[in-house]
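Q: Predicted coordinates and the sequence they were generated for:
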Amino acid sequence: MASETGSGRASPFRRPQSLRNLTEEQRAEERSSTWLELFFDLCFVVAVAALARGLHHDPTLGGILRFVGLFVPVWWAWMTYTWYGTSFDNDDVPYRVTLLAAMLFMLGIAASVEGVGTQTGATAGFVVSYAALRILLVWLFLRARYHTPPDLRGFVDWYAAGNALGAVLWLASLLAPAPLVYGLWAVALFVELLAPILAVRTLEEPLVSFHPRHIAERYGLFTIIVLGESVLAVAAGTAGTDWALPAIFAAVFAFVAAACIWWIYFDYVKTTGMELAPRPAFYWGYGHLAVYAAIAAFGVGAQLAIEGAAQVESAALAPAGGAGFGLAGRAILAGSVTVYLLAVSFVQYVNRHSLSETVALARLAVAAGFLVLVVVGGFLSGPAFAAAVAFALVALTAFETIYAGWSAEKP
């Protein structure tokens, strides 16, 4: 695939930007994430951290809606570059420079996202940075089009057109009155999310457009990075409480819950669904929006529990009229884990329906229990609430592990 110089060696500067996975032989080859992709992920997690800080500063219903609304474009920017890379990454100089430029604009999003909606300059910076990410992606697809076979150019054209129209709508929002701005953002995101679906419909063999194991690894690595941000929130919350004993207990329980989140994801999410047909692949890919957002919000809920714990004198139940864990904190901590369990179950379900009914019912029962805990758990202190969440997740994880072993031993 690399272009050849007169000496017969591959040019390190410029290579054809062509589809990488046209044959089953190519798809069977192992493909790992590149160092550039890992660097790229780090820039995105900075934006996720900024979104988490915003939710931490405003743990209200409005803050939650704002967090979710802004998480979508951040996640989608990562998604589109990740899927482009699995198809066209040729690691030449123009591609590297383009991705480095995209990282710079992603840092612009991270720097501005906390002020979106409240600061005119920050809102404009967010819009311009995001639109620039779309424009850079259009350039990549147009460059790839030159080396794409004619029967596959419809795939590239739809991607380029969707991102170009999305960029136009984002930039147009700078001129729109306040009530209309968010409507234009929603329309732009709808267009961008629809473009890949229309693009894949142009292919006679949709599976040529991505490497399933590479995509699964990319998603797994980003899950680790977002989970790492949650663990960092646990450490930051503990450090800010002068090592109060209740806060330490809450931090320990929060880490145990994070470990269970890791366990459930990496033990039960497989790649087979992406290799079946386009629809399972889209469900698998788009379903991770809720997985990532829930993990990021979990870190905020854990930090709120730790900080709240420092205000009580013990890690036991708060006395009547004492400092219980507030509704907002309970909703973010237990609610995020609820969303995570539902989302990861959906992602697993589309993978050859590999989620057993028994495990699915267990997850639904735990998720329902968390929702009840949000409503009636006002008498619990931060550590006690974190302990309840952790113990429920440990029990669920243990059950799933034992059940998986028992199922494997069945004749």
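A: Nice, I can see it.

Q: pretty sure Gly162 is touching Ile197, no?
A: No. Gly162 is beyond contact range of Ile197, at 9.5 Å (criterion: C-beta atoms under 8 Å). In this view, the C-beta of every residue, glycine as well, is placed from N, C-alpha and C.

Q: Compare those two (neighbour count), which wins?
A: Legend: neighbour count by other C-beta atoms under 10 Å for Gly162 and Ile197, higher for Gly162 (26 against 14).

Q: check contacts around that one.
A: With contact set as C-beta atoms under 8 Å, 6 or more residues apart in numbering, Gly162 has these partners: 191-192, 194-196, 198-199.

Q: what about the helix or strand hosting it, distance to the chain center?
A: Using DSSP states H and E, Gly162 sits in helix 153-172. From the chain centre to the centre of helix 153-172 is a distance of 22 Å (C-alpha atoms, centre = their mean, to the nearest Å).

Q: buried stuff in that helix?
A: 155-172 (16 or more other C-beta atoms under 10 Å).

Q: ok, now stretch 215-228?
A: Residues 215-219, 221-227 are the ones in stretch 215-228 that count as buried (16+ other C-beta under 10 Å).

Q: could I get the residues you listed as JSON lines with pLDDT?
A: Shown next, in JSON lines, are these (pLDDT from 0 to 100):
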{"residue": "Ile215", "pLDDT": "83"}
{"residue": "Ala216", "pLDDT": "83"}
{"residue": "Glu217", "pLDDT": "86"}
{"residue": "Arg218", "pLDDT": "90"}
{"residue": "Tyr219", "pLDDT": "90"}
{"residue": "Leu221", "pLDDT": "91"}
{"residue": "Phe222", "pLDDT": "92"}
{"residue": "Thr223", "pLDDT": "93"}
{"residue": "Ile224", "pLDDT": "93"}
{"residue": "Ile225", "pLDDT": "91"}
{"residue": "Val226", "pLDDT": "93"}
{"residue": "Leu227", "pLDDT": "94"}
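
Q: ok, back up a step: just the buried subset of the contacts of Gly162, please.
A: Those of the contacts of Gly162 that meet the buried threshold are 191-192, 195-196, 199, by 16+ other C-beta under 10 Å.

Q: in the stretch 51-200 of the chain, which spans are helices?
A: Using DSSP state H, counting those that start in this stretch, the helices of the stretch 51-200 of the chain run over residues 61-88, 93-112, 120-145, 153-172, 178-200.

Q: Tell me which of those helices sits nearest to Val344.
A: Val344 lies closest, by C-beta to C-beta, to one member of these: helix 61-88, at 15.5 Å.

Q: The closest one versus helix 153-172: what angle between them?
A: 150 degrees (axes from the mean of the first three to the mean of the last three C-alpha atoms, to 10 degrees).

Q: Now do helix 61-88: distance to the chain's middle.
A: That offset, for helix 61-88, works out to 7 Å (C-alpha atoms, centre = their mean).

Q: Buried ones in that helix, by neighbour count?
A: 63-64, 66-88.

Q: quick one on the thing from earlier: I'd like the helices of the stretch 51-200 of the chain laid out as TSV, including mean pLDDT and distance to Ala334.
A: As requested, the helices of the stretch 51-200 of the chain are exported to TSV (pLDDT from 0 to 100; distance: least, C-beta to C-beta, whole Å):
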stretch	mean pLDDT	distance to Ala334
helix 61-88	93	13
helix 93-112	95	28
helix 120-145	95	30
helix 153-172	95	35
helix 178-200	93	28
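
Q: residues near the nearest residue to Glu114 once chain neighbours are set aside, how many?
A: Leaving aside its sequence neighbours, Glu114 sits nearest to Gly54 (C-beta to C-beta, 6 or more residues apart in numbering; 4.8 Å). Neighbourhood size, Gly54 [other C-beta under 10 Å]: 19.

Q: Among the contacts of Gly162, which one lies nearest to Trp35?
A: Relative to Trp35, the closest of the contacts of Gly162 is Pro196; by C-beta to C-beta it sits at 26.1 Å.

Q: hang on, the closest one packs against Ala281?
A: No. Under the criterion of C-beta under 8 Å, Pro196 is not in contact with Ala281, lying 9.9 Å apart.

Q: Looking at the chain, which helix is longest?
A: Counting by DSSP state H, the longest helix found in the chain is helix 278-309.

Q: Let me know the next secondary structure element after that one.
A: Downstream of helix 278-309, the first helix or strand assigned by DSSP H and E is helix 327-349.

Q: by how many degrees do that following helix and helix 278-309 diverge?
A: Interaxial angle, helix 327-349 versus helix 278-309 (the same axes, to 10 degrees): 150 degrees.

Q: Now do the buried residues in helix 327-349.
A: Neighbour counts over helix 327-349 (16+ other C-beta under 10 Å) mark 328-349 as buried.

Q: my read: Pro230 touches Phe298, true?
A: Wrong residue type there; residue 230 is Ser, not Pro. Yes. Contact criterion C-beta under 8 Å: Ser230 and Phe298 qualify, at 5.4 Å.

Q: which of these two has more neighbours?
A: Set Ser230 next to Phe298 and count neighbours by other C-beta under 10 Å: Phe298 wins out with 30 against 27.

Q: Domain-wise, how is the chain divided?
A: Annotated domains of the chain cover 31-209, 212-405 [automatic domain parsing].
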